[in-house]
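Q: mind folding the following:
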Amino acid sequence: MKKIFSDKLSFFWLAVILVWAKTYASYFLEFNLGVKGALQHFLLFLNPFSTAILILSIGLFAKGRKAAIAVLILDAILTLVLYSNIIFYRFFDDFLTLSNIGQAGNLGNMEDGVFASIKPHDFVYFIDFAILLAVMKWKSSQLKLGQLKKKIPAYIMLGSVALFFFNLAIAEIDRPELLQRTFDRNYIVKYLGPYNYTIYNGIQTVQSESQRVSAKTDDHTEVLNYTRAHSAKPNPAYFGAAQGKNIIKIHLESFQSFLIDYQLNGEEVTPFLNKLAHGQEDIIYFDNFFHQTGQGKTADAELILDNGFFGLPEGSAFVTKADNTYQALPAILNQKQNYTSAVMHGDYKSFWNRDQIYKKFGIDQFFDASSYTMTEDNLVNLGLKDKPFFQESIPMLQSLKQPFYAHLMTLTNHYPFILDPDEATIAKGTTGDKTVDGYFQTARYLDEALEQFFTDLKNAGLYENSVIMIYGDHNGISENHNRAMKEVLGKDIDEYQNAMNQRVPFMLHIPGKNGGVNHTFAGETDVMPTLLHLIGIDSKEFVLFGTDLFSEDHDSTVAFRDGSYVNPEYTFVNNSVYDTNSGEQLELNEETDSLKTKVNNHLALSDSVLYKDLLRFHKTPDFMPVDPSQYQYGMETEDKNQK
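A: Model (predicted):
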């Protein structure tokens, strides 16, 4: 025992083993990687080693005790990478990217969610640091001795590189073209580990930023030809049916479709939305509507619905592509049919960089938190509670010149789903999972707020002259809560069911049209062409990746951001295919492979629009590029509106 840890090399190998151990533990404690078979389990065991050895071996080039200090610092960097991914994954069900780091300012408005993501067992990810400090103190004199021959750390580094390529070669056997996949970070982490993923992501980020510089008009022509061929002819019964009508778009934060008609202890969780889903108020309810967001979550949903293409495979375009050229729905409606546009949101305008990106979308007015009464009793979680938000939004809607396009975003039903007990009108769930159990109370609160808003719209004389659109932006309950969701839904939550759980509500009230349930499979990219056709504008003029929900030519294959897809026949996820109706696993076939190729191409072309800023090349009749300098959203003042 006296010889153990008696030199820098022993100290280094101890650090490597400790980094490996906590990383390997995290695979089972934190991440849902979809591991199948002995080979994938072997790769999980192997993949932390190569980067841990490579990074920590840098410290061995230092002299004396400085080598141990350098190893300790490098261990801390690896710990930061791992734990940051753990916290991010708990919150967003995804892995951290360099683009996300640039958006870290948004966390200032999400303290409740961040703190709720910290778990008691998290000390496991820092115990190695304490062990290494103890060894440094215990063996201080031995660690001060001399310097290793330079060839030793060099050989170790070369060995780590060889180990990486061995790891990659085995991964390629199980998953060919692994590093060519750009849609699913889960694969990279599962096969190569979080540290190699971070390096890979850094390389990807640099490459993507270089794409704009190299873009040319031919790239735009390729995308335009694709979207025009993919577009669907409008349904004559609906084309122009809402011309001249206001559009009121209501964002149901984190609201999933399983809540519709769900009963908790024999009581409806969302009685008002249930009535709407069954045709009350002449609402058309699309019960096979799926969100298509990525890491941007709410910001992605906004981007998709107002622009008709996907968010980025990593990060949020609201932040990283705010300087791009856009041809967004608010600007199109204004230039084509003289619509006024406004966004109403009970959070401050800089969150998600909205005060900048909205100008690029051509949004006329932005009523953010500074326009509302932000007193302490009105606030919860991210900002203004939904009931006072809707109540105070009515006079703002009345102030808009008609016809208008107004987007109202709720907040209360947001992770970690907390609500003052005196405002809860339904008991919490009983799964023992705080997130899932609280979800029912905040969803009920949102349902009650929405019902009152409908009443207020009618009293204000706005209801009958408006298209009312209601949508869920993204899932609220991530895969981290599958144990509790199994109890809620009464069924196993496998990868097929996870895909089904991505359903979110989409409802339309169109004056003069009857309500009812529509079973069409659709996603968020389909909303913009649908609205354009309802207003009487041909969507084919624009670069849009969805199709009109009412068209007979509607494309019913819904692409997810990670490259999975769902349609009435097949659900493809994690390289497996299932019968959409029954959930029975099927064999991959020529049709499913063709659909997969189509979806990959669909996503890649959408990504090129953002990465290459291709809309700067797009010319459309009767549409001028938006000048963001023409839009100003006011300055906050230190008055009653401040938190």
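Q: which residue, other than its chain neighbours, is closest to residue 361?
A: residue 328 (3.7 Å; CB to CB, 6 or more residues apart in numbering). C-beta here means a position set from N, CA and C on the backbone, and glycine is covered the same way.
Q: got the domain boundaries for the chain?
A: 8-211, 238-549 (automatic domain parsing).
Q: looking at these, which is buried most?
A: Counting by mean count of other CB atoms under 10 Å, domain 238-549 has the highest mean neighbour count of these, with a mean of 21.
Q: how distant is that one from the center of its chain?
A: For domain 238-549, the separation from the chain centroid amounts to 15 Å (computed by CA atoms, centre = their mean, to the nearest Å).
Q: about what we covered before: pick out the shakiest of the domains of the chain, pLDDT-wise.
A: Between the domains of the chain, the lowest average pLDDT goes to domain 8-211, which shows a mean of 84.
Q: next up, the contacts around residue 430.
A: Contact partners of residue 430, counting by CB atoms under 8 Å, 6 or more residues apart in numbering, are residue 437.
Q: isn't there a strand covering it?
A: No. Using DSSP: H, G, I helix; E, B strand; the rest coil, the assignment for residue 430 is coil, not a strand.
Q: circling back to that earlier point, which one, of the domains of the chain, ends up nearest to residue 618?
A: Ranking these by proximity to residue 618 (CB to CB) places domain 238-549 first, at 6.0 Å.
Q: and the end-to-end length of the closest one?
A: Its first and final residues considered, domain 238-549 spans 10 Å by CA to CA, to the nearest Å.
Q: before we move on, back to that, out of the domains of the chain, nearest to residue 230?
A: domain 238-549 (7.0 Å).
Q: what's the spacing between the residue nearest to residue 361 and residue 256?
A: With the distance defined as CB to CB, to the nearest Å, residue 328 ends up 26 Å from residue 256.
Q: now the end-to-end length of stretch 517-529.
A: Stretch 517-529: ends 20 Å apart by CA to CA.
Q: rewinding a little: dump the domains of the chain into a markdown table; add distance to residue 595 as well.
A: Compiled in a markdown table, the domains of the chain are given as follows (distance: least, CB to CB, whole Å):
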| stretch | distance to residue 595 |
| --- | --- |
| domain 8-211 | 14 |
| domain 238-549 | 13 |
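Q: can you tell me which of those is nearest to residue 569?
A: domain 238-549 (9.6 Å).
Q: before we move on, the earlier item: ok, the residue nearest to residue 361 touching residue 306?
A: Yes. Here residue 328 lies in contact with residue 306, judged by CB atoms under 8 Å, at a distance of 4.7 Å.
Q: touching both of these two, which residues are there?
A: Shared contacts of residue 328 and residue 306 (CB under 8 Å, 6+ apart): residue 361.
Q: returning to what we had before: out of the domains of the chain, nearest to residue 612?
A: With CB to CB, the closest approach to residue 612 among the domains of the chain belongs to domain 8-211: 5.0 Å.
Q: how far does that closest one sit from the chain's center?
A: That offset, for domain 8-211, works out to 24 Å (CA atoms, centre = their mean).
Q: about what we covered before: out of the domains of the chain, nearest to residue 222?
A: domain 238-549 (11.1 Å).
Q: appreciated, that's everything.
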